[in-house]
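Participant: here's my sequence, what's the structure:
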Amino acid sequence: MDIEIYHSPVLKGKIRAPPSKSYTHRAIIMGALADGISIIKEPLIGEDTSASMRAMQALGAKISKENDKLIIKGLKHFRIPSETINVENSGTTIRFITALAAHVPGIVRLTGDNSIQKRPMGPLLDALAQLGIECQSESNDGTPPLIIKGGNLKGGHVSIRGDISSQFISGLLISAPLAESDITIQLTTPLKSSPYLEITTDMLNKFGITCSYNPEKRIYKIPGRQTYHPIEFIVPGDFSSAAFFLVAGALLGAPITVSNLDMGNPQGDKAIVQILKEVGAKISVNSKEKAITVSKNSLKPFNIDCKDIPDLVPILAVLASFIPGKSKIFNVAHLRIKESDRLHTITTELQKMNVDIKELPDALIIQGSSDHKGAILNTYDDHRIAMALIIASLPVKEKTLIKNIECINVSYPSFLKHLEKIGGKFRVMHT
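Facilitator: Numbering: from 1, shown residues only. Alright, predicted model coming up:
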């Protein structure tokens, strides 16, 4: 499916942010581990979260959808999957399920699409091996497909890097409470993407699981033999998805309001609100209504350390590209192992639009202007690249063609519906 974007100089209206993908993944998996029935309200049903549902069903959980909620009957015992678990494009799913497979009394094989089969899993496999679990990459290079020979996870001490993927650590934190004895996790490097671990521990607490973290020593301690307790939970709105329309508001808004956004939630991507304030956008927060309103204004360039907010980088690059002057987005080398090498892909595509953007090993330098041109762009099957490019095309007077946008269904199935609602002009072409 391709899309033609036409000049849309004014955007106006109200939309509701979609549910958080990060919270939905964790709610599905922890609900499936709980001793009883959990009810997850307003979940994000997208390609990635559906992969987590299928994986937990393969391990023995029962999950059904009723209206706008998921009914999850937790597994009493881990079942050995009858076939390979295919996570498709979901990096979160494969990392969390790899850690949980340590408890399955048999062999679990995990794979995914071409992108997943390039994603590094070595640090997590090494961590599981430290805990006595036999596991391997079939290609012996640390990438999927993976084979995990599980059983009883005894407990113990594990060391793992904290600067490659927080999902490795989240997976261990979700798996560790089910171990026979306590587990300590020592991070051997400073942590990146730490807000995602705050989401994980927030959800663990909601399901009755205790763990502690010493930031000075970078050590997590998780008591073993814990029980996940069933809960009712409403999934909060997603700041990383809302960011696309908040940035659109800063560039073209007259104004745009995005609701279902709780500034008290630990999501790191709520930083987009402070970033937009600092660059000069007209932005207001209604905490009572959980709504954020953004209007077009004169903006100034910025320098931002994005080590903890990697998902914002593609749309921040788009924002910078329209602001006169030099902006820098740095400390983002970990973006090279996402659905695509996001530093390279956003650079390549914005350059096609006549943007002066330079890719460094761990940074982007952007000389913004209003000289964007229409172009034929590629998404690399990366949902955040696709949505960022759609927003980048709206202010451009020439039409832009963006190919293969189906990937937006990974995290934001209602994106085009919301774009149309606020006045974005486009034509979808089914190929």
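Participant: which SS state does the closest residue in space to Ser287 that isn't next to it in sequence fall under?
Facilitator: By the measure of Cβ to Cβ, 6 or more residues apart in numbering, the closest residue to Ser287 outside its immediate chain neighbours is Met263, 6.2 Å from it. Where C-beta positions appear, they are placed from N, C-alpha and C, glycine not excepted. Taken by DSSP: H, G, I helix; E, B strand; the rest coil, the conformation at Met263 corresponds to coil.
Participant: what about Met263, neighbour count?
Facilitator: With neighbours defined by other Cβ atoms under 10 Å, the count for Met263 comes to 14.
Participant: I'd guessed it sits against Asp269; true?
Facilitator: No. With contact defined as Cβ atoms under 8 Å, Met263 does not count as touching Asp269 (11.5 Å).
Participant: and the gap between the residue nearest to Ser287 and Ile390?
Facilitator: Spatial separation of Met263 from Ile390 under the definition Cβ to Cβ, to the nearest Å is 26 Å.
Participant: same thing with Leu299?
Facilitator: 20 Å.
Participant: how about Leu146?
Facilitator: Counting by Cβ to Cβ, the gap from Leu146 to Ile390 is 34 Å.
Participant: next one: Asn114
Facilitator: Here Asn114 is placed at a distance of 23 Å from Ile390 (Cβ to Cβ).
Participant: more crowded one of the two?
Facilitator: Counted by other Cβ under 10 Å, Asn114 and Ile390 do not tie: Ile390 has more neighbours, with 25 against 8.
Participant: show me what contacts that one?
Facilitator: Under the criterion of Cβ atoms under 8 Å, 6 or more residues apart in numbering, the contact list for Ile390 reads 3, 5, 244, 402, 405, 415, 419, 424, 426.
Participant: the same query, at a cut-off of 10 Å, please.
Facilitator: Contacts here follow Cβ atoms under 10 Å, 6 or more residues apart in numbering; on that basis Ile390 touches 3, 5, 244, 248, 318, 377, 379, 400, 402, 405, 408, 415-416, 419, 424, 426.
Participant: before we move on, what about Ser240?
Facilitator: Contacts for Ser240 were tallied using Cβ under 10 Å, 6+ apart; they are 17-18, 20-22, 267-270, 272, 309-312, 315, 384, 387, 411-412.
Participant: for Lys373, same thing?
Facilitator: 352-355, 396-398, 400.
Participant: can you flag the buried ones in the residues you listed?
Facilitator: Among those, those classed as buried by 16 or more other Cβ atoms under 10 Å are 353, 355, 396, 400.
Participant: just the helices in the stretch 301-431 of the chain please.
Facilitator: Listed in chain order, the helices found in the stretch 301-431 of the chain under DSSP state H, counting those that start in this stretch are 313-321, 342-352, 383-393, 415-421.
Participant: right, and those helices - which one's nearest Ser175?
Facilitator: Judged by Cβ to Cβ, the one of the helices of the stretch 301-431 of the chain that comes nearest to Ser175 is helix 383-393, at 26.7 Å.
Participant: before we move on, which element is the nearest residue in space to Tyr412 that is not next to it in sequence in?
Facilitator: The spatially closest residue to Tyr412, leaving aside those adjacent along the chain, is Ser241, at 4.8 Å (Cβ to Cβ, 6+ apart). Ser241 belongs to helix 239-252 when elements are defined using DSSP states H and E.
Participant: following the chain onward from that helix, which element is next?
Facilitator: Next along the chain after helix 239-252, with elements defined by DSSP H and E, is strand 253-259.
Participant: what packs against that following strand?
Facilitator: Applying 3 or more Cβ pairs under 10 Å, 6 or more residues apart in numbering; DSSP states H and E, one finds that strand 253-259 makes contact with strand 11-16, helix 239-252, strand 282-286, strand 291-295, helix 415-421.
Participant: so how far is the host helix or strand of Leu172 off the chain centroid?
Facilitator: With secondary structure defined by DSSP H and E, Leu172 is part of helix 166-175. Put simply, helix 166-175 sits 14 Å off its chain's centre (Cα atoms, centre = their mean, to the nearest Å).
Participant: neighbouring strands - and their directions - for the next helix or strand after it?
Facilitator: With elements assigned by DSSP H and E, the helix or strand that comes after helix 166-175 is strand 183-187. Take DSSP bridges as the rule and strand 183-187 pairs in its sheet with strand 156-160 (parallel), strand 219-222 (antiparallel).
Participant: tell me which residues in the last one are buried?
Facilitator: For strand 219-222, the neighbour count (16+ other Cβ under 10 Å) marks 220, 222 as buried.
Participant: quick check on the residue nearest to Asn354 when sequence neighbours are not counted: phi, psi?
Facilitator: The spatial neighbour of Asn354 that comes closest, neighbours along the chain excluded (Cβ to Cβ, 6+ apart), is Lys373 at 4.3 Å. Reported as degrees, to the nearest 10, the phi and psi values for Lys373 are phi -120, psi 150.
Participant: residues in contact with Pro43?
Facilitator: 19-21, 23-25, 27-28, 31, 49, 53, 65, 68-70, 72, 233-235 are the contacts of Pro43 under Cβ under 10 Å, 6+ apart.
Participant: among these, which are located in helices?
Facilitator: Among the contacts of Pro43, the members found in helices (DSSP state H) are 21, 23-25, 27-28, 31, 49, 53.
Participant: turn the residues you listed into JSON lines, columns for pLDDT.
Facilitator: Shown next, in JSON lines, are those (pLDDT from 0 to 100):
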{"residue": "Lys21", "pLDDT": "97"}
{"residue": "Tyr23", "pLDDT": "98"}
{"residue": "Thr24", "pLDDT": "98"}
{"residue": "His25", "pLDDT": "98"}
{"residue": "Ala27", "pLDDT": "98"}
{"residue": "Ile28", "pLDDT": "98"}
{"residue": "Gly31", "pLDDT": "98"}
{"residue": "Thr49", "pLDDT": "97"}
{"residue": "Met53", "pLDDT": "98"}
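Participant: any idea which of the residues you listed is closest to Ala99?
Facilitator: When the ones in helices among the contacts of Pro43 are ranked by distance to Ala99 (Cβ to Cβ), His25 comes first, at 13.0 Å.
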